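A.B. asks: Give me coordinates for this.
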Amino acid sequence: MKKQTVTRWTILLGLALGLVAQPLVATADVPESLTQAKKLYNQGKFAEVIDLLTTMAEQPSLAKPEAKEVYLLLAKATAGKSFLDQSEEYLRKVLEIDPDFELDLKVEPPQVQRVWLKVDEERRSGDRPDPGLKTLAVLYFENTSVVDKEKLDGLSKGLSAMLVTDLATCTTCTTLQVVERERIQYILDEIKLEQSEYFEDQSAVRVGKLLGAHVLLMGSFTKLSNSKMRIDARLVKTETGELLKADKVEGKPKDFAKLQAELALKIFAHLDVTIQKSVERAIRDEGRQPLDAVLAYTRGLNYEDEQMLTEAFAAYKEALAAYPGHQAARNRLVALEPLMLATGG
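C.D. replies: Below you'll find the model as predicted:
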């Protein structure tokens, strides 16, 4: 009995002095800690996320799925605090655990997008393109309007973003891959290509090659009068600059979203991609949004690219108010909300 008492006191003394190693976070507590970290992130409390998860990330006993979640949250929180080098390292650790991991840029704030695109570019360098895959990049459209030209300037990016969304709706189109708008903007920023330049075919082909795209979709939109709008589009082969197809849609300016949806469906046909009826319905449904919602959403995109996040947040709220079904605007609000809470915006 005396020997047991001595042993018990030895263990207690060892614990008090730190002589007996104990896990800092019990395995059973990991899911609970991750749930708490996600709540803290959504509340914009990035420093608390970092404090909570940094020690956990160092535990060798952490299971891979949980380690992946820990590193991903740390990457997002450190990006939120502008510790971008550290964020890069955490994302590299995510890719070490899961080399096929893809970050959904639609629901991530701009600084996380940029860090991911840099790390992902490193991963992709040297990769050979899949010969059975057709990669399409939708470049920004030129505004050639003769009426309300300045008012519609934001649609250059907005039309591209809407087409990307619609063309990527077909998740069963396994032979078509659509480049994200964020990746296109990242490349344009990297090579510092001015907007006036990238409408030229030669510059467009250069951008397409940097993106690894086989085909480029580009063109222009023109408001001819208060009752007439036209969108012209052309598909260009990146490797040679050869024009593959050209098409147009015409209608009323207030039906801009509907015209964009019609164009997206034509592009599928020109690319010989068969889509399901449900995909076609989804695209036509998106075409119901009013022009006010389209303009507000595109203002948000431009504000984000200019790092004016408070203004972007307000623009996306305006888009959602004008069209409650605007999923793209809702995604951006979700992405930006933690930053707004962190800065009191």
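
A.B. asks: How are the strands of this structure distributed by residue range?
C.D. replies: Taking DSSP state E, the strands of the chain run over residues 134-138, 142-143, 176-178, 215-225, 228-237, 243-251.

A.B. asks: Now do the third one: which elements does it pack against?
C.D. replies: The one in question is strand 176-178. If you count contacts as 3 or more C-beta pairs under 8 Å, 6 or more residues apart in numbering; DSSP states H and E, strand 176-178 packs onto strand 134-138, helix 155-167. Every residue, glycine included, has its C-beta placed from N, CA and C.

A.B. asks: Off-centre distance for the last one?
C.D. replies: Spelled out, that is helix 155-167. Mean-position distance between helix 155-167 and its chain equals 13 Å (C-alpha atoms, centre = their mean, to the nearest Å).

A.B. asks: and that helix, C-alpha only, in PDB?
C.D. replies: What follows is helix 155-167, C-alpha atoms only, in PDB (Å, rounded to 0.1, in the frame of the first residue of the first chain):
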ATOM      1  CA  LEU A 155     -19.900  44.500 -66.800                       C
ATOM      2  CA  SER A 156     -16.500  43.700 -68.500                       C
ATOM      3  CA  LYS A 157     -15.600  41.500 -65.500                       C
ATOM      4  CA  GLY A 158     -19.200  40.800 -64.600                       C
ATOM      5  CA  LEU A 159     -20.100  39.200 -67.900                       C
ATOM      6  CA  SER A 160     -16.900  37.000 -67.700                       C
ATOM      7  CA  ALA A 161     -17.700  36.000 -64.100                       C
ATOM      8  CA  MET A 162     -21.300  35.100 -65.000                       C
ATOM      9  CA  LEU A 163     -20.200  33.000 -68.000                       C
ATOM     10  CA  VAL A 164     -17.700  31.200 -65.900                       C
ATOM     11  CA  THR A 165     -20.400  30.400 -63.300                       C
ATOM     12  CA  ASP A 166     -22.800  29.100 -65.900                       C
ATOM     13  CA  LEU A 167     -20.200  27.100 -67.900                       C
END
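
A.B. asks: I would like the residues contacting it, please.
C.D. replies: For helix 155-167, contacts defined as C-beta atoms under 8 Å, 6 or more residues apart in numbering pick out 136, 138-143, 176, 178-181, 184-185, 195, 217, 221, 231, 256-257, 260-261, 263-264, 267-268, 283, 286, 294-295, 297-298, 301-302, 305, 328.

A.B. asks: if you set the cut-off to 7 Å instead, what comes out?
C.D. replies: With contact meaning C-beta atoms under 7 Å, 6 or more residues apart in numbering, helix 155-167 is reached by 136, 138-143, 178, 180-181, 217, 221, 260-261, 263-264, 267, 283, 286, 294, 297-298, 301-302, 328.

A.B. asks: Compute the inter-axis angle for it and strand 215-225.
C.D. replies: Here helix 155-167 runs at an angle of 130 degrees relative to strand 215-225 (axes from the mean of the first three to the mean of the last three C-alpha atoms, to 10 degrees).

A.B. asks: Give the buried residues for helix 155-167.
C.D. replies: By 16 or more other C-beta atoms under 10 Å, the buried positions in helix 155-167 come out as 155-167.

A.B. asks: Dump the residues you listed into a markdown table; add pLDDT and distance to Lys237 as well.
C.D. replies: Shown next, in a markdown table, are these (pLDDT from 0 to 100; distance: C-beta to C-beta, whole Å):
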| residue | pLDDT | distance to Lys237 |
| --- | --- | --- |
| Leu155 | 94 | 26 |
| Ser156 | 93 | 23 |
| Lys157 | 93 | 24 |
| Gly158 | 93 | 26 |
| Leu159 | 96 | 21 |
| Ser160 | 95 | 19 |
| Ala161 | 95 | 23 |
| Met162 | 95 | 24 |
| Leu163 | 96 | 18 |
| Val164 | 95 | 19 |
| Thr165 | 93 | 24 |
| Asp166 | 93 | 22 |
| Leu167 | 93 | 17 |
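
A.B. asks: just the residues you listed now: which is nearest Val30?
C.D. replies: Nearest to Val30 out of the buried residues of helix 155-167 is Thr165 (C-beta to C-beta; 35.6 Å).

A.B. asks: Excluding chain neighbours, what is closest to the spatially most central residue of the chain?
C.D. replies: In the chain, the C-alpha closest to the average C-alpha coordinate belongs to Leu105, at a distance of 1.9 Å (C-alpha atoms, centre = their mean). Closest residue to Leu105 apart from its sequence neighbours, by C-beta to C-beta, 6 or more residues apart in numbering: Glu182 at 4.7 Å.

A.B. asks: what sits against that neighbour?
C.D. replies: Residues counted as contacts of Glu182 (C-beta under 7 Å, 6+ apart) are Leu105, Gln113, Leu117.

A.B. asks: What is the nearest of those residues to Leu320?
C.D. replies: Nearest to Leu320 out of the contacts of Glu182 is Leu105 (C-beta to C-beta; 19.2 Å).

A.B. asks: circling back: so what's the residue nearest to Leu105 scoring on pLDDT?
C.D. replies: On pLDDT, Glu182 comes in at 93.

A.B. asks: Check Leu62 too.
C.D. replies: pLDDT at Leu62 comes out at 89.

A.B. asks: before we move on, the earlier item: does the residue nearest to the centre of the chain really touch Glu180, like I thought?
C.D. replies: Yes - the pair Leu105 and Glu180 passes the contact test of C-beta atoms under 7 Å, sitting 5.3 Å apart.

A.B. asks: follow-up on the earlier one: among the contacts of Glu182, which are in helices?
C.D. replies: Mapping the contacts of Glu182 onto helices (DSSP state H) picks out Gln113, Leu117.
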